[in-house]
Structure formats: C-alpha cells, structure tokens
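S.K.: Just need the structure, nothing else, for what follows:
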Amino acid sequence: MHVAGLVFAALAAALHVYIFVLESLTWTSPRTRAVFGTTVEEAETTRPLAFNQGFYNLFLAVVTGIGVGAVALGHNAVGLALTFAGVGSMLAAALVLVASSPDKARAAVVQGAFPAITIALLALSG
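M.R.: Predicted coordinates:
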C-alpha cells in the first residue's frame, strides 16, 4: 500500500500541475473557459486571481513531488511529512470548495480524490 499511496500522491501532484497550467497560463483560452464555465469577460476580470491561485496549486504539487522523491531516496520521515502536507492541503482545498460552492462538487471530487486516496493508503501502510 505504501507504493500505491506514493503513486496516487504523484498523480495528485500531476493533476495540480495541470490545474496550474489552466489557471496561470491558459485562463482566458476558449478551452480553459469551457472547463471552468466562464465567459470572456469573467476570465479577463478574474485573470489576476486565477494566476495567483494557479501558483498555489503548483506549490502544492512541488511539495508533494519533493515528498515522493524523498521517500524514493530513503528519507521516509521527511518524505512522508512533505507528502502528507501537500496532499492534505489539496484535500482541504477540495473540501473548502465543496463547502463554499456546492455547485462545484464535481470539481472538488476531481481535485480531492487522488489526495484522499493517498492519505488513506499511506495511513493504512503504517
């Protein structure tokens, strides 16, 4: 379960890098606007906020990735601490999203599923 947990952590990190790309690099593109359901005007107005939010997602991915890498190199305590910090923050953000905007439950599930699975698998691997 330990290896499976790290695989899901890596998947969570990869997903959050993708979210970074959407929010910080392609926010106003037609494809990204379709993903988030925004108009041209909304995307332009919220561009600075999305840019900043995208970097939060990138930083969570980096922390998680460093954690996974540290575990792979045999630094289990530090690696697991970083991994739990990264995926725990991802899961918390997903819970905040669904609590504050119930209409975005699908997005919250997408954002939080890999982190939740990671936490469960790593916690069970003891």
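S.K.: Now do the contacts for A61.
M.R.: A61 sits next to 12-14, 16-17, 20, 86 when contact means C-beta atoms under 8 Å, 6 or more residues apart in numbering. Glycine gets a C-beta too; all of them are placed from N, C-alpha and C.
S.K.: Any of the residues you listed buried? List them.
M.R.: Buried members of these, counted by 16 or more other C-beta atoms under 10 Å: 12-13, 16-17, 20, 86.
S.K.: Relative to its centre, which residue of the protein is most distant?
M.R.: Residue farthest from the centre of the chain, counting by C-alpha atoms, centre = their mean, is E41 at 26.2 Å.
S.K.: Please, which helix or strand holds it?
M.R.: helix 40-72 (DSSP states H and E).
S.K.: Off-centre distance for that helix?
M.R.: 8 Å (C-alpha atoms, centre = their mean, to the nearest Å).
S.K.: any idea which helix or strand comes after it?
M.R.: Using DSSP H and E, the first helix or strand after helix 40-72 is helix 76-100.
S.K.: for that next one, which positions count as buried?
M.R.: 79-80, 82-84, 86-91, 93-94, 97-98.
S.K.: now for that helix, which elements pack on it?
M.R.: On a contact count with 3 or more C-beta pairs under 8 Å, 6 or more residues apart in numbering; DSSP states H and E, helix 76-100 meets helix 2-20, helix 40-72, helix 105-125.
S.K.: P30 is nearest to which of the ones you listed?
M.R.: helix 40-72 (8.7 Å; C-beta to C-beta).
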